[in-house]
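Undergrad: I would like the atomic coordinates for the input below:
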Amino acid sequence: METDKKKAVFFDRDGVINVENGDYTWKIEDVAINEGIVESLLKFQENGFLLIIVSNQGGIAKGLYSKNDVDKVHEYLTVLLQEQNINIAQIYYCPHHSIVENCICRKPDSLMLEKALARYNINPKTSYLFGDKESDTTAAKKVGVKGILIKSNENILPYCNKIINKEI
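TA: Sure thing, here's the model as predicted:
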């Protein structure tokens with residue numbers, strides 16, 4: 001039943017969760033949390049949303065950094081957020097890039113979202129995705145999740161409040 005399903009908020013990583021600095025974020029020392037993220041994640045969590053990150057990491061396919069580098073950043077990010085009592089249910093990332101190889105997990109395709117929907121029994125109709133690129137919201141639309149396109153590094157707190165108040 002749809003009513004038994006969970007609700008979730010999906011987040012692109014670079015430009016939404018952490019500061020997009022115009023280059024790939026693959027070193028721990030380059031991770032900086034965007035303004036409003038901690039407060040927004042806490043509010044979503046307190047209102048029963050699962051928190052899931054979905055991120056294209058094409059720099060792996062390009063040979064700019066390794067999966068191990070990304071895993072270290074994700075571990076660091078997870079610990080930073082746990083210190084604020086925020087639980088990220090899962091971080092999915094696509095290591096591919098279309099200039100090197102084709103795949104169905106890289107946004108605007110939706111395999112990362114499909115995996116999360118199935119694994120966590122998520123209702124797409126009550127779920128949202130924040131992204132700073134049209135490819136993010138295109139992936140959300142493919143699976144029936146409401147996509148919210150923001151400017152890179154924009155404070156999402158106003159959107160968070162609207163979602164909590166059922167205005168979006």
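Undergrad: Could you list which residues are in contact with I99?
TA: G58, A61, K62 (C-beta atoms under 8 Å, 6 or more residues apart in numbering). Every residue, glycine included, has its C-beta placed from N, CA and C.
Undergrad: By neighbour count, which bits of the helix ranked longest in the chain are buried? Give me those.
TA: Using DSSP state H to define each element, the chain has its longest helix at helix 67-82. By neighbour count with 16 or more other C-beta atoms under 10 Å, helix 67-82 contains the buried residues D69, V70, K72, V73, H74, L77, L81.
Undergrad: Identify the farthest-apart pair in the residues you listed.
TA: Using C-beta to C-beta, the pair of the buried residues of helix 67-82 lying farthest apart is D69 and L81, separated by 19.0 Å.
Undergrad: strand partners of the helix or strand that the longest helix of the chain is followed by, parallel vs antiparallel please.
TA: Going down the chain from helix 67-82, the next helix or strand is strand 90-94, by DSSP states H and E. Applying DSSP bridges to the sheet, strand 90-94 is found paired with strand 49-56 (parallel).
Undergrad: Give me the residues contacting the partner strand.
TA: Applying C-beta under 8 Å, 6+ apart, the contact partners of strand 49-56 are 6-14, 17, 41, 44-45, 74, 86-94, 97, 106-107, 112-113, 116, 120, 122, 127, 129, 135-136, 139.
Undergrad: 7 Å - rerun?
TA: 6-14, 17, 41, 44-45, 86-94, 106-107, 112-113, 116, 120, 122 (C-beta atoms under 7 Å, 6 or more residues apart in numbering).
Undergrad: do stretch 77-96 as well
TA: 18, 31, 33, 38, 41-42, 45, 50-58, 60-61, 67, 70, 74, 103, 105-106, 112, 115-116, 120.
Undergrad: Drop anything exposed from the contacts of strand 49-56.
TA: The buried subset of the contacts of strand 49-56 - by 16+ other C-beta under 10 Å - is 7-14, 17, 41, 44-45, 86, 88-94, 106-107, 112-113, 116, 122.
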